[in-house]
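[1] All I have is the shape, not the residue letters:
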């Protein structure tokens with residue numbers, strides 16, 4: 001009802017609100033009634049849903065189990081398929097190898113065929129490795145499926161049992177099959193074929209032109225094999241190494257390359273190396289031993305710098321990839337050790353054999369050759385693998401040092417003990433031993449002074465220790481040479497004492513010391529010893545001996561013409577005076593004749609031409625002047641008598657005594673007769 005204009009508006013609003021509230025309450029009552037009906041219906045639906053859920057629960061559990069089983073089967077299926085694929089690949093490669101293998105039986109097959117064969121072997125080995133890696137995971141996944149079936153009862157008991165038995169059989173079969181594929185059958189036969197190919201290619205690589213010299217170039221240092229051959233050998237070695245054939249590979253390599261290296265050196269015809277025992281070397285003729293040592297020096301250097309260098313390079317190229325490069329030095333050392341041992345054995349035999357003086361120069365040659373190749377040898381055999389060879393090299397050097405030093409020192413002892421075993425020369429000439437010793441020392445100093453000094457210094461360091469201050473090289477060498485020279489002096493003086501003829505003893509001493517002086521001065525030996533030393537030790541002694549020779553040989557003869565003035569003796573008269581004058585003349589002639597005969601017959605011999613000239617001049621002056629003076633003083637008594645002229649005495653001295661004579665005179669007596677006829 002609409003309010004009148006006269007009614008209050010507030011009342012109208014209240015009435016309208018009351019009407020709306022009544023409507024709202026009525027709607028709430030109706031909603032409550034509807035909710036009660038809905039609650040009842042929901043209770044009925046919940047009861048139905050619970051009954052339905054209870055009936056569906058077993059199917060839900062089965063669905064979850066099926067889903068889990070499906071996941072496990074899928075996980076097992078993937079590695080199983082990969083395993084089958086690997087088996088298929090291995091079977092295919094085996095077929096390829098079986099097909100290719102007969103072609104390798106021919107020695108004329110190309111190298112690229114071997115490369116392909118190695119590739120197939122590597123692929124088969126990879127396939128077998130893949131099978132080995134994949135088989136265990138595949139079986140493990142199958143194991144999980146079987147265990148799941150056993151837990152979930154997804155299959156009946158008999159089916160699960162059969163699956164377990166099949167799984168055990170499969171595991172045992174896989175182990176046997178993998179071993180058979182790896183160690184038997186096609187792969188094993190292929191590896192044997194590769195071993196034959198490895199040996200065949202190795203033996204094909206030869207050393208050529210070993211020991212030949214073109215110009216100044218020594219041939220023999222070369223690269224063994226082409227790039228393809230080296231790559232092929234390397235591939236085969238690595239393949240054999242990956243397939244548990246490393247020991248076989250190394251054995252084939254060492255035996256094959258040793259044969260090739262030894263055969264190359266055998267072309268040099270080193271038959272001398274068969275003699276190496278010290279006693280056998282001692283029995284060798286010196287010419288043969290000298291030649292053998294010269295060949296040893298040349299062959300040792302050749303073997304080291306050409307054959308073994310090439311072998312080392314090849315060994316590194318072929319086996320360097322095995323075991324991170326740790327295996328090839330051992331292999332190379334095994335090859336080299338057999339070769340070096342032969343050379344070491346001969347060198348040691350020479351060093352240990354008897355110490356004859358002539359061996360010194362060859363021992364020094366050997367020592368110099370070792371010093372020359374030492375840097376190269378230490379470079380070739382560096383590292384632990386070559387330690388034994390380097391050690392034996394040093395031992396050989398030590399032997400040569402000891403032997404060389406001992407030869408020189410024993411040389412002096414041999415001279416002093418009269419090693420030649422001969423009596424002194426009957427004519428007073430220089431003994432062969434002295435000539436040999438002086439020439440020996442001259443040759444040593446002229447050609448081997450540096451080597452000998454190094455030997456002596458090394459010997460001294462070993463004896464005194466490395467901390468001791470070594471003597472200068474010149475001092476050591478001079479001391480050693482002085483020892484030999486003093487031994488020569490003692491030997492000479494000992495021989496001098498064996499002469500009964502005093503004149504001959506002084507001739508011997510004069511000849512020997514003059515020879516030592518003249519052959520030493522102005523030479524390397526003389527410069528080492530010093531001119532002052534030579535003069536004081538040898539020239540002075542020679543001059544003193546020359547003086548004693550003249551005094552003893554010609555002094556008594558000249559003294560026959562000397563003395564107090566011959567006077568006419570009372571009672572003797574003129575005849576007595578003439579008899580004394582002629583008696584002295586006859587005594588002079590007799591002594592002079594004896595000296596002429598001794599000199600002419602070789603009893604007295606002055607060897608050196610210069611020395612003979614000096615002695616001749618001194619003797620002529622000494623004898624002829626005295627004889628001429630005597631003739632002049634007593635010319636009145638000797639006038640008309642058969643006497644020898646001064647010119648004849650001079651001629652005999654110049655020709656018969658100091659010139660060797662012409663063989664037409666038998667002495668002063670014959671000359672006197674001839675002179676008498678001339679005077680008549």
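    Sure, I can see it. These numbers come from a predicted model, not from an experiment.

[2] Spell out the secondary structure type for residue 206.
    Secondary structure, DSSP: H, G, I helix; E, B strand; the rest coil: residue 206 is coil.

[3] Please state the backbone phi and psi of it?
    phi -110, psi 150 (degrees, to the nearest 10).

[4] likewise residue 327?
    The phi and psi values for residue 327, taken as degrees, to the nearest 10, are phi -100, psi -30.

[5] Identify the residue spatially nearest to residue 257, adjacent ones excluded.
    residue 335 (5.2 Å; Cβ to Cβ, 6 or more residues apart in numbering). C-betas here are computed from N, CA, C, even on glycine.

[6] ok, that neighbour - contacts?
    Applying Cβ atoms under 8 Å, 6 or more residues apart in numbering to residue 335 gives the contacts 254, 257-258, 261, 311, 315.

[7] what about 6 Å?
    Residues near residue 335 by Cβ atoms under 6 Å, 6 or more residues apart in numbering: 254, 257-258, 311.

[8] what's the most distant pair in those residues?
    In these, the most distant members under the criterion Cβ to Cβ are 254 and 311, with 10.6 Å between them.

[9] between those two, who's got more neighbours?
    Between residue 254 and residue 311, counted using other Cβ atoms under 10 Å, the more crowded position is residue 311 (25 against 18).

[10] can you tell me the helix or strand for that one?
    helix 309-319 (DSSP states H and E).

[11] Let me know the average pLDDT across that helix.
    Average pLDDT, helix 309-319: 92.

[12] What is that helix packed up against?
    Secondary-structure packing of helix 309-319 (3 or more Cβ pairs under 6 Å, 6 or more residues apart in numbering; DSSP states H and E): helix 227-242, helix 328-352.

[13] If I average pLDDT within each of the ones you listed, which one is lowest?
    Among the helices and strands packed on helix 309-319, helix 227-242 scores lowest, with a mean of 88.

[14] by how many degrees do that helix and helix 328-352 diverge?
    With axes from the mean of the first three to the mean of the last three Cα atoms, to 10 degrees applied, the angle from helix 227-242 to helix 328-352 works out at 100 degrees.

[15] related to what we said a few turns ago, make JSON lines from the helices and strands packed on helix 309-319 and add distance to residue 161 to it.
    Shown next, in JSON lines, are the helices and strands packed on helix 309-319 (distance: least, Cβ to Cβ, whole Å):
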{"stretch": "helix 227-242", "distance to residue 161": "42"}
{"stretch": "helix 328-352", "distance to residue 161": "57"}
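
[16] quick revisit: list the buried residues of the helix holding residue 311.
    Within helix 309-319, the residues that count as buried by 16 or more other Cβ atoms under 10 Å are 309-315, 317-319.

[17] Now do residue 288: how many residues are near it, please.
    Neighbours of residue 288 under the rule other Cβ under 10 Å: 12.

[18] From residue 267, how far off is it?
    21 Å (Cβ to Cβ, to the nearest Å).

[19] and what of residue 42?
    113 Å.

[20] Likewise for residue 589?
    78 Å.

[21] ok, the two, which is more surrounded?
    Per other Cβ under 10 Å, whichever of residue 589 and residue 267 has more neighbours is residue 589, with 20 against 13.

[22] Confirm that residue 429 sits in a helix.
    No - looking at residue 429 with three-state DSSP, it is coil, so not inside a helix.

[23] what's the residue nearest the centre of the chain in contact with, if anything?
    Centroid-nearest residue in the chain, with Cα atoms, centre = their mean: residue 377, separated by 4.6 Å. By Cβ under 6 Å, 6+ apart, the contact list for residue 377 reads residue 393.

[24] Name the helix or strand for it, please.
    Per DSSP H and E: helix 359-380 holds residue 377.

[25] okay, the angle between that helix and helix 328-352?
    Using the same axes, to 10 degrees, helix 359-380 lies at 170 degrees relative to helix 328-352.

[26] quick one: buried residues of helix 359-380?
    359-370, 373, 377, 380.

[27] do the same with stretch 195-212
    195, 197-199, 201-202, 205, 207, 210-211.

[28] Out of these, list just those in helices.
    195, 197-199, 201-202 (DSSP state H).

[29] hang on, isn't residue 118 packed against residue 235?
    Yes - with contacts counted by Cβ atoms under 6 Å, residue 118 reaches residue 235, the gap being 4.8 Å.

[30] Would you quantify the distance from residue 36 to residue 13?
    For residue 36, the distance to residue 13 - Cβ to Cβ - is 35 Å.

[31] now stretch 367-382, how far from the centre of its chain.
    On the basis of Cα atoms, centre = their mean, to the nearest Å, stretch 367-382 sits 5 Å off its chain's mean C-alpha point.

[32] pLDDT averaged over it - what is it?
    On average, stretch 367-382 scores 94.
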